[in-house]
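Undergrad: give me a 3D structure for the following:
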Amino acid sequence: MKIKKPNIILITTDQHRYDSLGVNGNSILRTPNIDSLARDGVNFRQAYVQNTVCVPSRACIQTGRYTHQHGVTYMESIIDNTPGLPHWEKTFMEYLQDAGYCTGAAGKIHMYPEKGFHRMKLTGGKGSRWVYSSGQEIGPAPLGPEYAAWLEKKRPGAYEEIYEARRKQPDYKSAHIFENTVSAEEYVENWIGEEALGFITGNTGQQPFFLWCGFCGPHDPWDPPVPYNTMYNPADVSLPEEIPGWPSWKNLWDEKTVRKIRAYYYGMITCIDDQIGRLVSILKSRDLYNDTILILSSDHGEFLCERGRTGKALFYDSILHVPLIIKPPKGDLINTPVFDGLVENFSIAPTILDYAGLDIPGTMCASSLRPYIKGTGIDKEAIFSEYIGNDRLEMSKCIRTRDFKYILHIHSGREELYNLQEDPREKVNLLTDNPEHPEKILLQKKLLTWMCTTEWRNSRDQSAR
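TA: The predicted structure is shown next:
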C-alpha cells in the first residue's frame, strides 16, 4: 500500500528575535496562534542561524549547506544584484518536486534566482532604504509589482501612498517609523496570507503540497497598520540594556522613539500571528491540519536598539538566536514539547526531506531534527555561523557552544570571546585582557576542524551527486 506523503508548510518571518514570542517568555507580546503551534509540536529553544543576513541565511535553509558551501556569501547594496545560488546547487524544494510534490511560494523568499516552485506570488520585502517606489539608484522598491498590482486593484494610488508617507513623516528618516496609510486588509502581510490561502485551497489533493509562506515583518520599517499600531502601549515595553563599549540608544534616539520602535515591532509580530491563525483555520476546516507539517522560523534576529543600533549582521545572540517551532503530523511521536539542546537553523531542509520520506543528500551538512522530536537526537556540541559584509571588506566566522562564543574576523584579525554562562548579554570580550585565553585555543581548533570537514562537500562534482 502506498503511503500518503504529508503536506508541508514552512512559515518564515524576517528579522525576528527569539525572545519576541509569547511562548518564548515574552510577557507582553501576544502570539496565541504561534504559541498554539508550539503546544502541538516542539519548540526548539536553542536554534541559531548559519548566516546573519537575509539572502545567505535563506540559502542555507534552502540547501541545508553552509555559506562557504553554497556560495551565496553576501548581499549587494543593490539587493537584486546579489549573486544567487549556482545552478548546480539543488534546493530541498527541487527534491520535493522530484518526489511528486506541488510546491508553492507566497511572500518574501529572498532567493536569487527563484527555483523549486511550481507557483509563486512573491515580494522582495519592505526595504527601509526605499522612499520612492522607483527611480532610486538602489533599484525599484522591493515590495514589488505583484503586491503593487493587488493593492492598486483594491485602492488606486495606495501603493504610492506608502512611499509618500515614508518621505514626509518626520520619524522615518531618523528611526524608520511611520504611520501606515494602508489598512490591515491592504497591508502586505494580508496579501501574503491571502496568496498562501489561495495556494492551499487551490490544491486538488491529487498530490501532496509544500508551501513556503514568507512574511515580510517584523523587518523594518516599523509600520504596523491599524489596529496593530496601538496594540502595545510604548510605556509597557522594556528599554534596551546598556552595553559597555557600545553606543547607547540615548545617543541616537529619545526614549519615546525607542519605546515606539519596540511597540511597533511587537504589533507587526501580532499581525503575522493573526495571518498564521488564518492558515491554521483553513487547514482545520479542510481536515488537513493533522496531516500537515508546519515549521516556523526566521532568517535572523534584530538588535531592536540594543548596542545603539537596529538591524542585523553581527554574531550577538540578538541576531543568531531565532524561533524554531515544528508541528509534526498527528501520530508522529513527540518525546517532549521543548528541546533545549543546540540546533542549527538550516536543519529545516533535511527535516522536510525526512518527513517527506526522502533520502537526505550527502552534500547536506545539516541533519534532520526528526530524531530530536522523537527524543533520540544527540545534542550538538556547537553551532557555526558566517558573515561577509556588503562591501566584502570583512569576512567573519563564529562558533557557539553552550558555554562560550568565539568570533574571528579574518581580514582585520580581530577576535571576540564571550563566556555565555557568566555573561549572557555578551558585554565582556575576554580576549581584551587575555588574548591567549585557553578557551579561545580550543574553539579555534574546533572552528578549523569544522572548516576542513565541511569543505570537501563544496565541489561541483560532489554537489551534483
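Undergrad: for the chain, which helix or strand comes out least confident on mean pLDDT?
TA: Ranking every helix and strand in the chain by mean pLDDT, DSSP states H and E puts helix 460-464 at the bottom, with a mean of 44.
Undergrad: the longest helix along the chain packs against which elements?
TA: Across the chain, the longest stretch assigned as helix under DSSP state H is helix 255-285. If you count contacts as 3 or more Cβ pairs under 8 Å, 6 or more residues apart in numbering; DSSP states H and E, helix 255-285 packs onto strand 7-13, helix 32-40, helix 170-175, helix 188-202, strand 292-298. For the C-beta atoms, the positions are set from N, CA and C on the backbone; glycine is no exception.
Undergrad: by how many degrees do that helix and strand 292-298 diverge?
TA: Per axes from the mean of the first three to the mean of the last three Cα atoms, to 10 degrees, the angle that helix 255-285 makes with strand 292-298 is 170 degrees.
Undergrad: and the angle from helix 255-285 to helix 32-40?
TA: Going by the same axes, to 10 degrees, helix 255-285 makes 60 degrees with helix 32-40.
Undergrad: where do the helices of the stretch 301-450 of the chain begin and end?
TA: 317-320, 348-355, 370-374, 438-455 (DSSP state H, counting those that start in this stretch).
Undergrad: so what touches the last one?
TA: This means helix 438-455. 66, 68-69, 365, 381-382, 384, 397, 399, 401, 404, 406, 408, 415, 417, 419, 430-431 (Cβ atoms under 8 Å, 6 or more residues apart in numbering).
Undergrad: let's see that helix as CSV, backbone CA atoms only.
TA: C-alpha atoms of helix 438-455 as CSV (Å, rounded to 0.1, in the frame of the first residue of the first chain):
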residue,chain,number,x,y,z
PRO,A,438,42.7,28.8,26.8
GLU,A,439,39.1,28.6,25.7
LYS,A,440,40.0,30.5,22.5
ILE,A,441,42.6,27.9,21.6
LEU,A,442,40.1,25.1,22.0
LEU,A,443,37.4,26.9,19.9
GLN,A,444,39.9,27.9,17.2
LYS,A,445,40.7,24.2,16.8
LYS,A,446,37.0,23.3,16.6
LEU,A,447,36.5,26.1,14.0
LEU,A,448,39.4,24.8,11.9
THR,A,449,38.1,21.2,12.1
TRP,A,450,34.7,22.4,11.0
MET,A,451,36.0,24.3,8.0
CYS,A,452,38.1,21.3,6.9
THR,A,453,35.4,18.7,7.3
THR,A,454,32.8,20.7,5.5
GLU,A,455,35.0,22.0,2.7
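Undergrad: quick thing: my sequence starts at 255, can you match it?
TA: Sure, I'll start numbering at 255, so the last one becomes helix 692-709.
Undergrad: buried residues in that helix?
TA: E693, K694, L697, L701, W704 (16 or more other Cβ atoms under 10 Å).
Undergrad: what average pLDDT does that helix get?
TA: When pLDDT is averaged over helix 692-709, the result is 94.
Undergrad: the first one too?
TA: Here helix 571-574 scores 98 as its mean pLDDT.
Undergrad: so what touches it?
TA: So helix 571-574 is contacted by 271-272, 302-303, 306, 554-558, 560, 566-567, 637, 639, 652, 654, 674, 678, 680 (Cβ under 8 Å, 6+ apart).
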